[in-house]
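In: Here is my input, please return the structure:
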Amino acid sequence: MDVIVLFDNYCVVCRALASLLQNNPPSGWRVEAWQESQISKFSTEARPNELQILRGGELLSGLDAWSFLIEHAPQMKAYQRMASRIGIAPPRQARWLRFLGHSLRRLCPGCRR
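Out: Presented below is the predicted three-dimensional model:
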């Protein structure tokens with residue numbers, strides 16, 4: 001499966017997530033900074049203000065991207081198990097991570113626009 005995970009290279013939080021994903025990514029996965037990506041060749045809808053994943057020509061954003069990441073990225077399995085143990089079901093797991101990501105980006109000086 002060809003997957004491109006896009007992140008904002010100006011954001012410390014995004015770079016930390018990208019670093020986690022770049023450590024032993026699944027076959028066919030790439031993690032690319034928005035600023036260095038050629039993604040505009042594939043999608044005109046892509047934007048750097050939230051997690052986005054290009055999978056087989058389909059652009060996943062926001063909750064869909066977080067859900068995909070939780071389900072398919074081996075690095076997210078520990079989070080998935082922990083959330084399940086405290087009673088957070090998969091759809092809510094994605095909402096929680098999205099909320100956390102947006103909250104942390106508000107604190108990031110590189111993300112304030």
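In: Below-threshold pLDDT in the protein: ranges please.
Out: For the chain, applying pLDDT under 70 flags the ranges 1, 38-49, 94, 96-113.
In: Spatially central residue for it, please.
Out: With distances taken as CA atoms, centre = their mean, residue 51 lies nearest the centre of the chain, 4.1 Å away.
In: contacting residues around the nearest residue to it once chain neighbours are set aside?
Out: For residue 51, ignoring the flanking residues on the chain, the nearest one in space by CB to CB, 6 or more residues apart in numbering is residue 65 at 4.5 Å. Every residue, glycine included, has its C-beta placed from N, CA and C. Shown in contact with residue 65 (CB atoms under 8 Å, 6 or more residues apart in numbering): 50, 51, 52, 53.
In: Closest one to residue 14 out of the residues you listed, please.
Out: Using CB to CB, residue 51 comes nearest to residue 14 of the contacts of residue 65, at 8.1 Å.
In: and that closest one, what is it in contact with?
Out: Counting by CB under 8 Å, 6+ apart, residue 51 makes contact with 5, 6, 7, 17, 61, 62, 65, 66, 69, 98, 101.
In: Among these, name the ones in strands.
Out: Among the contacts of residue 51, the ones falling in strands (DSSP state E) are 5, 6, 7, 61.
In: what's around the last one, how many residues?
Out: One way to gauge burial is a neighbour count; for residue 61, by other CB atoms under 10 Å, it gives 16.
In: next one: the first one
Out: Counted with other CB under 10 Å, the neighbours of residue 5 add up to 23.
In: List the contacts of it.
Out: By CB under 8 Å, 6+ apart, the contact set of residue 5 is 18, 21, 29, 30, 31, 32, 51, 52, 53, 69.
In: And those, which of them are buried?
Out: 18, 21, 29, 31, 32, 51, 52, 53, 69 (16 or more other CB atoms under 10 Å).
In: isn't the third one right up against residue 6?
Out: The one in question is residue 29. No. Residue 29 is beyond contact range of residue 6, at 12.0 Å (criterion: CB atoms under 8 Å).
In: Quick check: of the buried ones among the contacts of residue 5, which lies closest to residue 92?
Out: The nearest one, if we look at those relative to residue 92 and count by CB to CB, is residue 69, at 14.8 Å.
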